[in-house]
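Engineer: What follows is a protein structure lacking sequence information:
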């Protein structure tokens with residue numbers, strides 16, 4: 001296994017930003033009922049909240065994956 005080359009700090013920062021945004025979308029989707037502007041007033045999770053939470057988890061996973069192994073350093 002070859003050692004990885006050092007990645008550019010901008011790529012690592014961008015991937016960390018993507019991970020943080022994904023986590024923020026997930027948290028916001030899960031607590032949307034407690035925020036009067038976002039919540040529809042219904043109790044429990046709605047289908048839109050679940051879709052947003054799953055999408056946020058996916059974005060966070062991509063960001064974490066890029067942070068651990070940036071796409072430009074793979075061979």
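Structural biologist: Here it is on my side, so go on. On a predicted model such as this, the values are computed, not experimentally measured, just so you know. Residues are numbered from 1 along each chain as shown.

Engineer: so where's the chain shaky on pLDDT?
Structural biologist: Where the chain drops to pLDDT under 70, the residues are 1-7, 38-42, 72-75.

Engineer: List the contacts of residue 26.
Structural biologist: 52, 53, 56, 57, 60 (CB atoms under 8 Å, 6 or more residues apart in numbering). C-beta coordinates here come from the backbone N, C-alpha and C atoms, glycine included.

Engineer: Can you say which of the residues you listed are buried?
Structural biologist: Buried members of the contacts of residue 26, counted by 16 or more other CB atoms under 10 Å: 52, 53, 56, 60.

Engineer: just checking, the last one touches residue 22?
Structural biologist: Going back to what we said before, that points to residue 60. Yes. In this structure residue 60 lies within contact range of residue 22 using CB atoms under 8 Å: 3.0 Å.

Engineer: re the thing from before, now render the contacts of residue 26 as a markdown table, adding distance to residue 44 and secondary structure.
Structural biologist: Formatted as a markdown table, the contacts of residue 26 follow (distance: CB to CB, whole Å; DSSP: H, G, I helix; E, B strand; the rest coil):
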| residue | distance to residue 44 | secondary structure |
| --- | --- | --- |
| 52 | 15 | helix |
| 53 | 13 | helix |
| 56 | 18 | helix |
| 57 | 19 | helix |
| 60 | 23 | helix |
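
Engineer: quick one: which of the residues you listed is nearest residue 27?
Structural biologist: Within these, proximity to residue 27 (CB to CB) peaks at residue 56, which comes in at 7.8 Å.

Engineer: give the contact list for that closest one.
Structural biologist: Residue 56 touches 22, 23, 24, 25, 26, 27, 28, 29, counting by CB under 8 Å, 6+ apart.

Engineer: Quick check: nearest residue in space to the fifth one, chain neighbours excluded?
Structural biologist: Excluding its sequence neighbours, the residue lying closest to residue 26 (CB to CB, 6 or more residues apart in numbering) is residue 56, at 3.4 Å.

Engineer: Strands of the protein, residue ranges please.
Structural biologist: For the chain, no strands are identified by DSSP state E.
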